[in-house]
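Trainee: Fold the stuff below for me.
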Amino acid sequence: MLNREQARDALVLPREGKLALFSLGPGNLKDVSEIAHGLIDIMRGHEFTLVWARAPISVRDLPLPEHVVPIAVYPLVRYMRAFDVFISAAGYNACYEAVQTGVPTLLIPNTLVADDQARRADIVSRHAPVVVCACETSDERCEAVTRLLELGPAEGDIPGIELDGAERAASEILALVTSQAGL
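Mentor: As a prediction, the model looks like this:
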């Protein structure tokens with residue numbers, strides 16, 4: 001991961017000032033435009049420079065106001081420390097990014113998908129500076145942003161969260177393949 005200055009330079013973003021990163025998903029399964037525009041308006045009122053991460057699997061881009069800076073980078077976690085806050089759908093990658101970077105995060109679970117984003121977001125909120133809210137109404141969005149802006153970044157490693165899931169999964173798969181092959 002890049003540090004704050006390196007990430008801002010790499011993304012050609014100002015080194016000074018408050019930056020908010022939005023990553024509300026591709027919008028392929030749920031129209032997030034009302035939630036997105038409501039949150040954009042609220043964050044702009046708090047004098048943030050707004051950055052929108054375009055999802056690589058998006059089939060249609062959300063029309064953005066002129067003052068919102070679009071970016072398309074992957075993996076996003078590499079650049080996360082450039083931002084003061086992260087506003088995101090509660091997908092697996094976003095939750096992992098929130099835990100790994102400690103950036104204060106607003107997670108917005110999508111209930112229209114097969115995985116249990118609400119449960120995942122709730123678990124992550126117990127270990128990282130995270131607010132969980134559906135942000136369906138204007139009042140919910142205002143309250144969620146207020147709570148988000150009260151959070152500070154996590155200091156150091158976040159206790160209770162092991163970030164070695166890929167290694168553990170690979171070991172389990174290898175053990176299964178080995179046992180099935182009779183090796």
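Trainee: Show me where this structure has its strands.
Mentor: For the chain, the strands defined by DSSP state E cover 18-23, 48-53, 69-71, 85-89, 105-108, 130-132.
Trainee: what's the closest of these to Glu5?
Mentor: strand 18-23 (12.2 Å; Cβ to Cβ). C-betas here are computed from N, CA, C, even on glycine.
Trainee: possible to save the strands of the chain as a markdown table with mean neighbour count?
Mentor: As requested, the strands of the chain are exported to a markdown table (neighbours: other Cβ atoms under 10 Å):
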| stretch | mean neighbour count |
| --- | --- |
| strand 18-23 | 23 |
| strand 48-53 | 20 |
| strand 69-71 | 15 |
| strand 85-89 | 26 |
| strand 105-108 | 29 |
| strand 130-132 | 24 |
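Trainee: For those, which has the smallest mean pLDDT value?
Mentor: Among the strands of the chain, strand 69-71 carries the lowest mean pLDDT, a mean of 90.
Trainee: In terms of secondary structure, what does that one contact?
Mentor: Counting contacts by 3 or more Cβ pairs under 8 Å, 6 or more residues apart in numbering; DSSP states H and E, strand 69-71 packs against strand 48-53.
Trainee: relative to strand 18-23, how tilted is the strand it packs on?
Mentor: Angle between the axes of strand 48-53 and strand 18-23 is 30 degrees (criterion: axes from the mean of the first three to the mean of the last three Cα atoms, to 10 degrees).
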